[in-house]
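Undergrad: please find the sequence and the predicted model below.
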Amino acid sequence: MFKMQHAQMTVIELNRKSIEYRKKIITYIYGANAGHTGGSLSCVDILNVLYNHVLDVNPGNFSSPDRDRYIQSKGHTVEALYVVLADKGFFPEEDLKTLCSYKSDYIGHPTKKVNGIEQNTGALGHGLPIAVGNAIAAKMDEKKFRVFTLLGDGELPEGSNWEAALTAAHYKLDNLCAILDYNKLQISGTTAEVCNTEPIDAKFESFGWSVQHVDGHDINALIKIFDGLPFEKDKPSLVIAHTTKGKGVSFMENQVRWHHGVPDANQFETAINEFDAALAVIG
Ligand SMILES: Cc1ncc(C[n+]2csc(CCOP(=O)(O)OP(=O)(O)O)c2C)c(N)n1
């Protein structure tokens, strides 16, 4: 079912891109003095592989009804989406210098005012229901496009997810893939402390989904798992991507306070130095 529409990038090139994306996320959040830092660093490898390997969507086909759909349900980490969309040419990267400033379209959650953004999100629990609707529409219209949505594990307590999960299985939506950014933290604590949703895989399987786990920072593993979609015919697929909130910045990793923390000048410099060191290792 994989459609070959991307210039093939090597895993090394994609790994380099992930670090460059991370540098940009931190740079624009630092410049705006606002943003969701930890969760953007957590999901950016997933977005990298989706936009540079998986999705049939680009600035040239974005108004085509046949494009693949990507809906970022955990909308607060829009900074990760912005840097990837800019890299794909949906808008000039220069625009991101206006992030979160008065009258800028580049606000702290996704809106359709920004080219390349499929749906307004940010109130958690909306992305999966919308994605299910899009996937049903594709089936009804006999279209080949696929629908992807990125969920946060802290988002799962929203009841709308479970109604959508039931519906997706009922309508045999094997053109739908939900990806869970499974970093085990949310806004005010661990997901287990705030509202436990475990066991997530068994719950989705009991709802009729096909579920696979992956290291959400392993580019090669992400490529392989997405190339294997759908995991089972006539079932929606869930990718549980094991991630680290704040990935790539030593003092941000697994720290709940970096959910929407903004680095000060020293922290910014340290973060950039860590990314540059990681880039030097890749060569
Ligand atoms: C309906 C709704 N309730 C509460 C919030 C406030 N909120 C913003 S982010 C967040 C935590 C989300 O956790 P998760 O989805 O795991 O995001 P991540 O840790 O990956 O950044 C919450 C509760 C919201 N945006 N929408």
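TA: Nice, thanks for sending it over. Residues are numbered from 1 along each chain as shown.
Undergrad: how about the nearest residue to the residue in the stretch 151-283 of the chain that the ligand sits nearest to, chain neighbours excluded?
TA: Nearest to the ligand in the stretch 151-283 of the chain, going by CB to the nearest ligand atom, is Gly152, at a distance of 1.8 Å. C-beta coordinates here come from the backbone N, C-alpha and C atoms, glycine included. Using CB to CB, 6 or more residues apart in numbering and skipping residues adjacent in sequence, the residue nearest Gly152 is Lys74, 3.7 Å away.
Undergrad: what about that neighbour, neighbour count?
TA: Neighbourhood size, Lys74 [other CB atoms under 10 Å]: 29.
Undergrad: i'd like the first residue to be 37 from this point on
TA: New numbering, starting at 37: the last item is Lys110.
Undergrad: check contacts around it.
TA: 75, 79, 157, 160, 163, 186-188, 191, 217 (CB atoms under 8 Å, 6 or more residues apart in numbering).
Undergrad: Asp270: neighbour count?
TA: Counted with other CB under 10 Å, Asp270 comes out at 12.
Undergrad: and if you look at Pro128?
TA: Neighbours of Pro128 using other CB under 10 Å come to 9.
Undergrad: please report phi then psi for it.
TA: phi -70, psi 140 (degrees, to the nearest 10).
Undergrad: low-confidence stretches in this protein?
TA: Along the chain, the model assigns pLDDT under 70 to residues 37-41.
Undergrad: the ligand contacts on that one?
TA: 72, 75, 78, 110, 112-113, 158-161, 188-191, 217, 219, 221-223, 281 (CB under 6 Å from any ligand atom).
Undergrad: show the subsequent helix or strand relative to the helix or strand Lys175 falls within.
TA: Secondary structure assignment for Lys175, by DSSP states H and E: helix 163-176. Downstream of helix 163-176, the first helix or strand assigned by DSSP H and E is strand 183-188.
Undergrad: check which helices and strands the following helix or strand past that following strand sits against.
TA: Going down the chain from strand 183-188, the next helix or strand is helix 195-206, by DSSP H and E. Where contact means 3 or more CB pairs under 8 Å, 6 or more residues apart in numbering; DSSP states H and E, helix 195-206 is packed against helix 163-176.
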